[in-house]
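Following is a predicted model, sequence given first.
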Amino acid sequence: MSRSIISIAASLALLASAPVESQPRPPLAVDRAIIRVSAGGNELRALRDAPVAFSSLEQIVAGISLATVPHAAPVTIVRASPPQEIDYLLCVTSTGTLVVGERFHNLGADGPGRLFVRGEIARSYPSLSVPDGWLWLVDVPLSREVRVTLQLRAPARWPLEAVAVTTDLAQ
């Protein structure tokens with residue numbers, strides 16, 4: 001009897017000492033090429049090997065204002081309400097500053113039709129100091145409750161063709 005009480009008490013002590021998450025993590029789909037995170041009916045898709053389409057401010061400003069861009073969007077958010085798709089395009093300047101441009105598309109209610117609405121520079125990030133190259137932490141709002149931090153890494157050489165993308169949610 002006392003052994004069972006001791007084992008129950010030990011089990012309860014282990015449960016009590018386990019870390020408790022204050023907020024459940026959004027589901028993360030495992031895919032070798034794409035990071036997918038869903039929350040609140042919205043979905044974030046990020047290419048793990050994300051293209052850097054632009055190497056100057058002039059290029060990204062011209063590129064995000066076009067209705068079509070010949071490059072794949074490295075990060076896309078699909079919003080449920082209002083039905084909208086936001087493509088994030090990347091530029092890394094010669095000084096290692098990451099510039100993020102946004103391209104907004106309204107989605108048709110009857111299908112996947114996309115209508116370009118506008119493009120703009122969202123924000124810029126200086127590289128964090130790391131010994132093996134450049135590192136940027138990009139905070140992306142997925143829903144009202146969930147923000148995803150993307151970690152972008154690249155060797156410190158310019159111009160860049162791509163960055164490696166991971167997230168704090170990836171296992």
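Thanks, I have it.

quick one, what contacts residue 132?
The contact partners of residue 132, by Cβ atoms under 8 Å, 6 or more residues apart in numbering, come to 153, 155. For the C-beta atoms, the positions are set from N, CA and C on the backbone; glycine is no exception.

er, residue 103 actually
Counting by Cβ under 8 Å, 6+ apart, the residues that residue 103 touches are 64, 69, 73, 86, 87, 89, 116, 118, 119.

mind running it again at 6 Å?
By Cβ atoms under 6 Å, 6 or more residues apart in numbering, the contact list for residue 103 reads 64, 87, 119.

Please apply the same query to residue 151.
With Cβ under 6 Å, 6+ apart, residue 151 has these contacts: 137, 166.

Next, give phi and psi for it.
phi -110, psi 120 (degrees, to the nearest 10).

So which residues of the protein form helices?
Assigned by DSSP state H, the helices in the chain fall at 2-17, 57-64.

Can you name every helix or strand that the lengthiest strand in the chain contacts?
As assigned by DSSP state E, the longest strand anywhere in the chain is strand 114-125. Applying 3 or more Cβ pairs under 6 Å, 6 or more residues apart in numbering; DSSP states H and E, one finds that strand 114-125 contacts strand 98-107.
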